[in-house]
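Visitor: This is a predicted model, with the sequence first.
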Amino acid sequence: MRRSKPPGFTLIEVLIAIALLLALMGTMYGFLFDMLTSRSRALEFARQDQAAAVLIKTLDADLMSCIAGDRVSGAGVSGDETRVRVLSRGVASSLAQRGDDDADVFGDLQFTEFQFDRAAQSVQMERGPVGRDASVSDAERFGGVYKLRIRYHDGRAWRRSFDSAAEKRLPAAIEIAVWLRPLPSQDEEGEALENVGPASQSEESSPTAPVEQTPNPDASAPAAETSSDDPPPDRIRVILIPDSEGEAADG
């Protein structure tokens, strides 16, 4: 009598099934890993984008009520390509908890300062009152900024720095440009590499500039330096200053 084959799988069939299962698990793991990586990048860029929006919105709001400054308060608008300080009219809400017995709480002059830290790839924003207790201020740091460029329009051309107290007037406009991605001149850690060649200079204005550009006749106010290797900024805003033609600061 012929013996029947017992039910079950052979060793070859078991090995093939294990190989197919491993291949399927590897494909699913790769898909999930890519999805989580994309999600992490999207969240990081959203955080950076929100930080850039807050910086631009804060600067825009302060420039709407800024002053030229005087000998006591200092320059109303001063700074260079990576730092700007603005004096504006407004009550500092951060002092509300100090009570109405403090005169500084209802002071209408406050400062806002933005400082770009290239090594930390962040922008430090500090706000506070200009008064007897000017040391009291709020500071906030926004990370993920690989480059910040600030330019000042004097009515004729863009400049790399400005001081309203020295100029006895406000700039006509301020341009703020933010890069949220690593630049070609930066390594994987995000630290800027040394530039062995001289930086190229350009007197061309931003395409969103509010006024027509002409060559700058003042040698003391050179155009802002730009690098042809840098990509366009991720966020750029040209902010007009309403009181730029107002009264000059006291000499």
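Guide: Received, thanks.
Visitor: tell me what the host helix or strand of Met25 is packed against?
Guide: Element membership for Met25, per DSSP states H and E: helix 11-63. If contacts are counted by 3 or more Cβ pairs under 8 Å, 6 or more residues apart in numbering; DSSP states H and E, helix 11-63 sits against strand 83-89, strand 109-117, strand 122-129, strand 138-143, strand 173-179, strand 235-240. Bear in mind the C-beta positions are built from the backbone N, C-alpha and C, glycine included.
Visitor: Out of those, which is the most enclosed?
Guide: strand 173-179 (a mean of 23; mean count of other Cβ atoms under 10 Å).
Visitor: That one to strand 122-129, inter-axis angle?
Guide: 140 degrees (axes from the mean of the first three to the mean of the last three Cα atoms, to 10 degrees).
Visitor: Remind me what strand 173-179 packs against, helices and strands.
Guide: Counting by 3+ Cβ pairs under 8 Å, 6+ apart, the packing neighbours recorded for strand 173-179 are helix 11-63, strand 147-153, strand 235-240.
Visitor: and if we set it to 6 Å?
Guide: Other helices and strands packing on strand 173-179, by 3 or more Cβ pairs under 6 Å, 6 or more residues apart in numbering; DSSP states H and E, are strand 147-153, strand 235-240.
Visitor: Compare those strands and give me the one nearest Phe162.
Guide: strand 147-153 (3.7 Å; Cβ to Cβ).
Visitor: Can I get that closest one in CSV, CA atoms only?
Guide: Output of strand 147-153 as CSV, limited to C-alpha atoms (Å, rounded to 0.1, in the frame of the first residue of the first chain):
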residue,chain,number,x,y,z
LYS,A,147,21.2,84.3,6.5
LEU,A,148,19.6,87.6,7.3
ARG,A,149,20.1,90.7,5.1
ILE,A,150,18.8,94.2,6.0
ARG,A,151,19.1,97.1,3.7
TYR,A,152,18.1,100.8,4.0
HIS,A,153,16.9,103.1,1.2
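Visitor: Could you give the average pLDDT over it?
Guide: Here strand 147-153 scores 94 as its mean pLDDT.
Visitor: picking up where we left off before, same list, the helices and strands packed on strand 173-179, but as CSV with distance to Ala177 please.
Guide: Converted to CSV, the helices and strands packed on strand 173-179 look like this (distance: least, Cβ to Cβ, whole Å):
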stretch, distance to Ala177
strand 147-153, 4
strand 235-240, 4
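Visitor: In this protein, what helix or strand scores lowest on average pLDDT?
Guide: Within the chain, no helix or strand scores below strand 69-70, which has a mean of 78 by mean pLDDT, DSSP states H and E.
Visitor: next structured bit after that one?
Guide: Counting by DSSP H and E, the next helix or strand C-terminal to strand 69-70 is strand 74-75.
Visitor: Identify the residues contacting Val145.
Guide: Residues near Val145 by Cβ atoms under 6 Å, 6 or more residues apart in numbering: 121-123.
Visitor: For it, which non-adjacent residue is closest in space?
Guide: Nearest residue to Val145 in three dimensions, chain neighbours excluded: Val123, at 5.2 Å (Cβ to Cβ, 6 or more residues apart in numbering).
Visitor: Alright, I will stop here.
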